[in-house]
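Student: Structure for this input, please:
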Amino acid sequence: MKADAVARQAFAMPLTNPAYAPGPYRFVNREFFVVTYRTDPEALRAMVPEPLMPAGDQVQFEFIRMPDSTGFGNYTESGQVVPVTYKGKPGTYQIAMYLDDEAPIAGGREIWGFPKKLAKPTLTVVADTLLGTLDDGPVRIATGTMGYKYRTLDHNKILESLRRPNYLLKIIPDVDCTPRICELVTYNLEDLVVKGAWAGPAALELHSHALAPVADLPVLEVVSGIHVVTDLTLGLGRVVHNYLV
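Tutor: The predicted structure is shown next:
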């Protein structure tokens with residue numbers, strides 16, 4: 001292949017058969033189960049990079065089912081999200097994400113900088129309970145439960161929360177293992193449709209794991225549990241801070 005053809009064709013790796021399709025990425029019937037809890041504020045501060053600031057001592061542990069996503073297919077994801085402020089405005093920061101599909105792991109990391117790793121999350125309904133689990137190999141590291149559709153939530157308030165900017169720390173090493181890219185990236189969820197939103201009694205258990213350290217932000221108190229079904233488009237990102245300049 002000629003050099004100019006490489007430049008024209010290059011999108012992602014491998015060159016002739018990329019690990020994921022080009023965007024935009026539309027999600028249909030994307031289902032969120034989110035347990036918000038209080039944690040150790042010092043441990044939280046140590047994980048949130050400046051110029052972001054934690055907006056208190058709360059963490060959102062998410063279990064997400066994505067049965068129909070353009071290019072990425074059918075998969076499940078779980079992880080920890082922190083309410084933050086950037087220049088005084090509210091947003092969220094992704095601490096870590098664990099999922100079971102190679103295409104969104106590669107695409108998420110390479111395009112936006114999502115902190116994705118391979119694991120096995122699930123989100124199911126068992127009788128009257130919404131159940132989220134996260135396993136790393138044979139080790140259960142997170143279990144979330146919530147009463148199924150106990151109370152309907154205001155869709156406008158859910159839309160407002162989903163429209164807040166999200167922040168990621170994108171890190172890509174150079175060939176000598178020094179950082180080539182180290183940037184704070186922001187993105188938004190677009191074309192949002194809330195199909196359902198509910199609250200209920202919730203509980204969350206986190207367990208220690210050397211390579212999936214979700215328990216490093218311990219559960220001190222569960223604040224709330226919500227369950228949301230949406231359609232949305234994952235917007236592309238923009239760089240707001242370059243740590244290497």
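Student: which residues touch the one helix or strand in the chain whose mean pLDDT sits lowest?
Tutor: Least confident element among the helices and strands of the chain, by mean pLDDT, DSSP states H and E: helix 3-9 (a mean of 92). Helix 3-9 is touched from outside by 1, 15-16, with contacts defined as CB atoms under 8 Å, 6 or more residues apart in numbering. C-beta coordinates here come from the backbone N, C-alpha and C atoms, glycine included.
Student: Which of the residues you listed fall in helices?
Tutor: Using DSSP state H, no member of these falls within helices.
Student: from those, which would you call buried?
Tutor: Buried by 16 or more other CB atoms under 10 Å: nothing, out of the contacts of helix 3-9.
Student: And residue 131, its phi and psi?
Tutor: Geometry field for residue 131 lists phi and psi as phi -120, psi 120, criterion degrees, to the nearest 10.
Student: which residues does it contact?
Tutor: Counting by CB under 8 Å, 6+ apart, residue 131 has contacts 122-125, 143-145.
Student: Stretch 87-98: which residues count as buried?
Tutor: 91-98.
Student: Among these, which lie within strands?
Tutor: 91-98 (DSSP state E).
Student: Same list (the residues you listed) but as TSV, adding distance to residue 114 and pLDDT.
Tutor: Formatted as TSV, those follow (distance: CB to CB, whole Å; pLDDT from 0 to 100):
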residue	distance to residue 114	pLDDT
91	15	98
92	12	98
93	12	98
94	6	97
95	11	97
96	10	96
97	6	98
98	11	98
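Student: Please render those residues as CSV that adds distance to residue 44 to the earlier fields.
Tutor: Formatted as CSV, these follow (distance: CB to CB, whole Å):
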residue, distance to residue 44
91, 15
92, 13
93, 10
94, 14
95, 9
96, 13
97, 17
98, 19
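Student: List just the nearest of those residues to residue 194.
Tutor: Nearest to residue 194 out of these is residue 92 (CB to CB; 17.1 Å).
Student: Report pLDDT for the closest residue to residue 180 other than its chain neighbours.
Tutor: What sits nearest to residue 180 in space, not counting adjacent residues and going by CB to CB, 6 or more residues apart in numbering, is residue 174, at 3.8 Å. Residue 174 is assigned 97 on the pLDDT scale.
Student: gap between residue 174 and residue 105?
Tutor: 21 Å (CB to CB, to the nearest Å).
Student: now do residue 38
Tutor: For residue 38 relative to residue 105 (CB to CB), the value is 30 Å.
Student: likewise residue 229?
Tutor: The gap separating residue 229 from residue 105 is 24 Å, by CB to CB.
Student: Mind checking which of the two has more residues around it?
Tutor: Taking other CB atoms under 10 Å, residue 229 and residue 105 do not tie; residue 105 has more neighbours (23 against 15).
Student: just to revisit the earlier point, next SSE after the least confident helix or strand of the chain?
Tutor: Following helix 3-9 in sequence order, the next helix or strand is strand 25-38 (DSSP states H and E).
Student: can you map out the helices along this structure?
Tutor: Ranges of helices within the chain are 3-9, 41-47, 102-107, 155-162, based on DSSP H.
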